[in-house]
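Q: Fold the following, please.
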Amino acid sequence: MKKHTIAKARPASAAERPAKSTRKGRETDRAFRDAARAVFAREGYFNAKISDIAAEAGKSVASFYNYYDTKADLLIALAEEFHREATELAVSPFRRGESPEEALREAVAGFWRTYSARRGELIGVFQASMLEEEFRDRWLAIRAEAIERIASEVRRAQAAGYCPGIDPVLTASALSAMLEHFCYIWQAQGGERVESPYAGGLIDDETAVDTLATIWVKSIYWRP
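A: Predicted coordinates:
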């Protein structure tokens, strides 16, 4: 595998750069993030150039480097933003005390909607994680938090007598991978190329969420 070099993690996060400490700085950073999302969706991560992102944002390339060292750093920032949003949508229904089945469906729906809104950067994440080893490691570190959260839900289900004997972490990994790749295939690649009423990506949000939630619930909430 060819290894692409990206910037090493810094003692201070990218969000702590002086350029982002003012209102104007935060607005400029947001412009770069929104521009990157559009460029990644249109051109793909590897074809996108920093000059493309700067032009889309209406900013100079020199200004870009006040905020990020590389486009991979910007992609990581977008991935972290996605993770925070998806996590909040996932945990909220459990905090409200909804039933596990209802909470899971709402969490899946939140992920599907968030993926749709952030499809550009998530296409970039998928591409970069396959070819840039350091990016992959940073993305897996972000993803690990979600895996542990799902594994904790599996353990709680097991304590209540459900799904005995399955490994919580492996189950969490499998379910998360299913969710992520299903979203990628149907939202980024236009769906499966098989004979189906949904061929060519003709799938509505409710059908997608029903399918994912049913698989997820039946994978955990079963008894011998």
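Q: Where does pLDDT dip in this protein?
A: 1-20 (pLDDT under 70).
Q: which helix is the longest one in it?
A: Across the chain, the longest stretch assigned as helix under DSSP state H is helix 133-159.
Q: and that helix, which residues are buried?
A: 134-135, 138-139, 143, 146-147, 149-151, 153-154, 157-158 (16 or more other C-beta atoms under 10 Å). For every residue, glycine as well, the C-beta is placed using N, CA and C.
Q: Downstream of it, the next helix or strand is which one?
A: helix 168-183 (DSSP states H and E).
Q: Output the contacting helices and strands for the next helix or strand after that following helix.
A: Downstream of helix 168-183, the next assigned helix or strand under DSSP H and E is helix 205-220. Using 3 or more C-beta pairs under 8 Å, 6 or more residues apart in numbering; DSSP states H and E, the elements in contact with helix 205-220 are helix 100-117, helix 133-159, helix 168-183.
Q: How much space separates residue 134 from residue 44?
A: 19 Å (C-beta to C-beta, to the nearest Å).
Q: now swap in residue 23 and tell me
A: For residue 23, the distance to residue 44 - C-beta to C-beta - is 33 Å.
Q: Those two: which has the busier surroundings?
A: Between residue 23 and residue 44, residue 44 has the larger neighbour count (other C-beta atoms under 10 Å), namely 13 against 7.
Q: isn't that one right up against residue 123?
A: Yes - using C-beta atoms under 8 Å, residue 44 is in contact with residue 123, at 6.9 Å.
Q: could I get the helices and strands packed on helix 205-220 as CSV with distance to residue 192?
A: Listed next are these as CSV, based on distance: least, C-beta to C-beta, whole Å:
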stretch, distance to residue 192
helix 100-117, 16
helix 133-159, 24
helix 168-183, 10
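Q: out of the ones you listed, which comes closest to residue 48?
A: helix 133-159 (14.0 Å; C-beta to C-beta).
Q: That closest one vs helix 168-183, what angle?
A: With axes from the mean of the first three to the mean of the last three C-alpha atoms, to 10 degrees as the basis, helix 133-159 and helix 168-183 are set at 120 degrees to each other.
Q: Going forward, the N-terminal residue is numbered 53.
A: Sure, I'll start counting at 53 from here, so that last one is helix 185-211.
Q: which helices and strands does helix 185-211 pack with?
A: helix 123-147, helix 171-183, helix 220-235, helix 257-272.
Q: ok now the last one, how far from the chain's centre?
A: Pointing back at helix 257-272 there. Remark: helix 257-272 is offset 18 Å from the chain centroid, using C-alpha atoms, centre = their mean, to the nearest Å.
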